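Q: Can you look at this prediction? I've put the sequence above it.
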Amino acid sequence: MYSKLSLLPILLLGLSTAVNSQSCPATPNPLPAASSFPRVTYLPDPFVYLDGKSRVQTRDEWYQCRQPEILRMLQHYQYGFYPDHTAETVTSTRSGNTLAITVTAGGKTGRFNAQVNLPSGASASNPVPVVIAIGGIDNNAYLREGIAVVTFDYTSVAPDSNGKNGAFWALYNGRDIGVLTAWAWGFHRTLDAIEQRVSEINPTKVGVTGCSRLGKAALAAGIFDTRITLTMPMSSGVQGLGPYRYYTLSGQGENLENSKQGAGWWTSSGLNGFLNNHEKLPFDAHTIAAALAPRALIIEQGSGDPFVNSRGTAVAVFPAAKLVYDWLGAGDKIGIAIRNGGHCDFAGYSNVVPFVNKILKGTSTTRDFTNLSPWSAMPTAYPWSSNIPRN
């Protein structure tokens with residue numbers, strides 16, 4: 001068993017004194033009630049701590065103090081707390097291209113399978129990068145680039161409902177955890193099995209992807225396991241990289257209220273206190289993106305998507321998140337790929353290939369993955385851009 005969830009142990013500490021000699025502002029304990037936050041109409045300043053007054057000054061402080069606080073905050077208010085992987089035992093077997101994955105914890109057992117698709121030339125002596133995916137995917141978009149594709153049946157990990165069957169709930173039924181976190185856990189246990197049984201894959205070059213609600217899950221997968229090299233959410237919308245604020249810019253007006261009403265199980269009950277008060281949220285989608293830095297993120301959107309707010313993601317969330325990445329010296333690790341077309345078009349997988357190749361294979365690309373066309377950035381959404389900390 002091997003897993004490098006290196007950020008999570010830090011965030012679960014009190015965060016009240018010091019981490020690696022860096023003095024951190026005290027995080028309120030318990031975290032504030034939703035009603036106690038001020039109403040903020042723009043994307044909240046990601047450099048301001050939850051105490052509402054302290055502000056990040058250095059990169060070291062970001063990594064040692066603020067980013068762990070963000071991860072704790074996101075779990076408390078949105079995702080539910082990720083299970084302690086150190087209490088789990090993961091075993092796997094391989095039969096042809098099928099991985100049978102077994103996870104035990106607390107005397108309970110969960111099981112699910114994954115399917116391995118290898119490109120020509122992959123071998124133990126020539127291991128290749130991998131994209132782990134849930135839902136429909138154009139395997140050939142990556143296989144022809146020499147990148148393996150591994151898929152798993154997310155419904156056998158946790159159903160897309162309030163039902164509590166599947167591998168995740170076999171272990172953690174009764175916990176206030178959203179299904180997006182359960183599916184993220186499925187990505188991680190699949191990667192464990194790859195490390196154990198698939199020598200043809202390089203487990204240090206890993207992308208995760210999905211579209212729509214499964215894009216939200218891929219985003220969560222990237223956040224909660226630092227082994228993920230590249231996070232690749234497609235058309236992820238609210239509770240993904242669609243903004244809670246500015247939700248009317250495009251799409252069908254997907255917002256916190258209607259997403260919780262339609263699929264309340266995606267996230268924990270922590271968001272309920274912000275219903276009809278989304279401007280009190282101490283974070284937005286740009287904060288979720290910043291939780292990944294400096295690891296790579298490519299955001300895929302369709303300009304004609306009738307469902308999610310692609311424009312809001314492009315003109316507000318992406319530029320705001322990129323400000324953080326730029327400040328951290330990782331500006332080349334974040335990109336957006338906007339295509340013509342609608343929701344979850346298969347063209348989206350090939351749309352991001354040049355960026356995927358850059359991150360997973362080290363190849364260069366001339367494509368501008370900061371191009372927001374057909375839109376333009378909306379700086380009024382992130383007025384704190386004039387007050388970025390100096391290093």
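A: Okay, I see it.
Q: Can you give me the neighbour number for Lys53?
A: 8 (other Cβ atoms under 10 Å). C-betas here are computed from N, CA, C, even on glycine.
Q: excluding its backbone neighbours, what's nearest Gly210?
A: Excluding the flanking residues, the one nearest Gly210 by Cβ to Cβ, 6 or more residues apart in numbering is Ala218, at 4.2 Å.
Q: what about the strands in the protein?
A: 18-19, 22-23, 89-95, 98-105, 108-117, 128-133, 148-152, 201-211, 230-234, 296-302, 334-339 (DSSP state E).
Q: and Ser373, what does it touch?
A: Going by Cβ atoms under 8 Å, 6 or more residues apart in numbering, Ser373 touches Ile338.
Q: Check it and give its pLDDT.
A: The model reports Ser373 with a pLDDT of 98.
Q: Please report how far it lies from Phe307.
A: 21 Å (Cβ to Cβ, to the nearest Å).
Q: closest one to Gln57 among the strands of the chain?
A: Minimum separation from Gln57 across the strands of the chain (Cβ to Cβ) falls at strand 22-23, 10.5 Å.
Q: Other residues contacting that closest one?
A: Contacts of strand 22-23 (Cβ under 8 Å, 6+ apart): Thr17, Asp60, Glu61, Gln64, Cys65.
Q: Just give me the neighbour total for the second one.
A: For Asp60, the count of nearby residues is 14 (other Cβ under 10 Å).
Q: same question for stretch 381-391, mean pLDDT?
A: So the average pLDDT for stretch 381-391 ends up being 95.
Q: how long is that stretch from one end to the other?
A: 24 Å (Cα to Cα, to the nearest Å).
Q: now stretch 291-298
A: Stretch 291-298: ends 14 Å apart by Cα to Cα.
Q: roughly how far apart are the residue of the chain most remote from its centre and Leu281?
A: Farthest-out residue of the chain from its mean C-alpha position, per Cα atoms, centre = their mean: Ser125, at 31.1 Å. With distances taken as Cβ to Cβ, Ser125 is found 49 Å from Leu281.
Q: hang on, the earlier thing: test for you: state the pLDDT assigned to the residue farthest from the centre of the chain.
A: 98.
Q: what do you get for His278?
A: Value for His278, per-residue pLDDT: 97.
Q: Same question for Asn20.
A: pLDDT at Asn20 comes out at 57.
Q: pretty sure Val354 is touching Ser364, no?
A: Actually, residue 354 is Pro rather than Val. No: using Cβ atoms under 8 Å, Pro354 is not in contact with Ser364, being 9.0 Å away.
Q: Dump the strands of the chain into a markdown table; add mean neighbour count as well.
A: A markdown table is the format used below for the strands of the chain (neighbours: other Cβ atoms under 10 Å):
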| stretch | mean neighbour count |
| --- | --- |
| strand 18-19 | 14 |
| strand 22-23 | 12 |
| strand 89-95 | 15 |
| strand 98-105 | 19 |
| strand 108-117 | 19 |
| strand 128-133 | 27 |
| strand 148-152 | 23 |
| strand 201-211 | 24 |
| strand 230-234 | 28 |
| strand 296-302 | 28 |
| strand 334-339 | 23 |
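Q: Now render those as TSV, adding distance to Ser161.
A: Shown next, in TSV, are these (distance: least, Cβ to Cβ, whole Å):
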stretch	distance to Ser161
strand 18-19	39
strand 22-23	43
strand 89-95	26
strand 98-105	21
strand 108-117	17
strand 128-133	21
strand 148-152	18
strand 201-211	17
strand 230-234	22
strand 296-302	26
strand 334-339	31
